[in-house]
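A.B. asks: After the sequence you'll find the predicted model.
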Amino acid sequence: AKYFQGKKVNGEFDIRVEQAEFSELNLAAYVTGGCMVDMQVMRNGTKVVRSFKPDFVLIRQHAYSMALGEDFRGLIIGLQYGGIHTVNSLYSIYNFCSKPWVFSQLIKIFNSLGPEKFPLVEQTFFPSHKQMVS
């Protein structure tokens, strides 16, 4: 936020920076474009909900983890649905939710460049744990 303090877009619109984790957010996205985000923040030990309409988003958190309550793919879909512009594409963030999918993309690079230029750790993929027993 300190880098944008006092800055304006096109010399007339103030830049306001909000920062939160996925677990602190809820949103509603609309066909007509845009979305409203509700953000829970703590103020003097009290939870306060603040709502705003984002114009632009930078995501610095994984959207999916196998840990209980760590699946935020719905928020990524909501941002996409609302047509929100992002630094890192929502397509890439959503695709990164599946580690095997990401590794399959790395395999494509490995096959095109070769092991000398793009080494990969040897791995084997199984669709489920049942196929691992042979």
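C.D. replies: In hand now; what should we look at?
A.B. asks: so where's the chain uncertain?
C.D. replies: By pLDDT under 70, the low-scoring segments of the chain are 134.
A.B. asks: Domain map for it?
C.D. replies: 2-96, 98-133 (the TED database).
A.B. asks: Grab the longest strand from the protein for me.
C.D. replies: Scanning the chain for the longest strand, with DSSP state E as the assignment, gives strand 35-43.
A.B. asks: List the buried residues for the helix or strand that that strand is followed by?
C.D. replies: Later in the chain than strand 35-43, the nearest helix or strand by DSSP states H and E is strand 46-52. Judged by neighbour count (16 or more other C-beta atoms under 10 Å), strand 46-52 contains no buried residues. From N, CA and C alone the C-beta is placed, and that goes for glycine too.
A.B. asks: before we move on, the earlier item: in the sheet, which strands lie alongside the longest strand of the chain, parallel or antiparallel?
C.D. replies: Applying DSSP bridges, strand 35-43 is found paired with strand 25-29 (antiparallel), strand 46-52 (antiparallel).
A.B. asks: all helices of the chain, in order?
C.D. replies: 73-81, 90-95, 99-113 (DSSP state H).
A.B. asks: Run through the neighbouring helices and strands of the shortest one.
C.D. replies: The reference is to helix 90-95. helix 73-81, helix 99-113 (3 or more C-beta pairs under 8 Å, 6 or more residues apart in numbering; DSSP states H and E).
A.B. asks: got the contact list for that helix?
C.D. replies: Helix 90-95 has contacts (C-beta atoms under 8 Å, 6 or more residues apart in numbering) with 59, 63, 73, 76, 77, 79, 80, 84, 86, 101, 102, 105.
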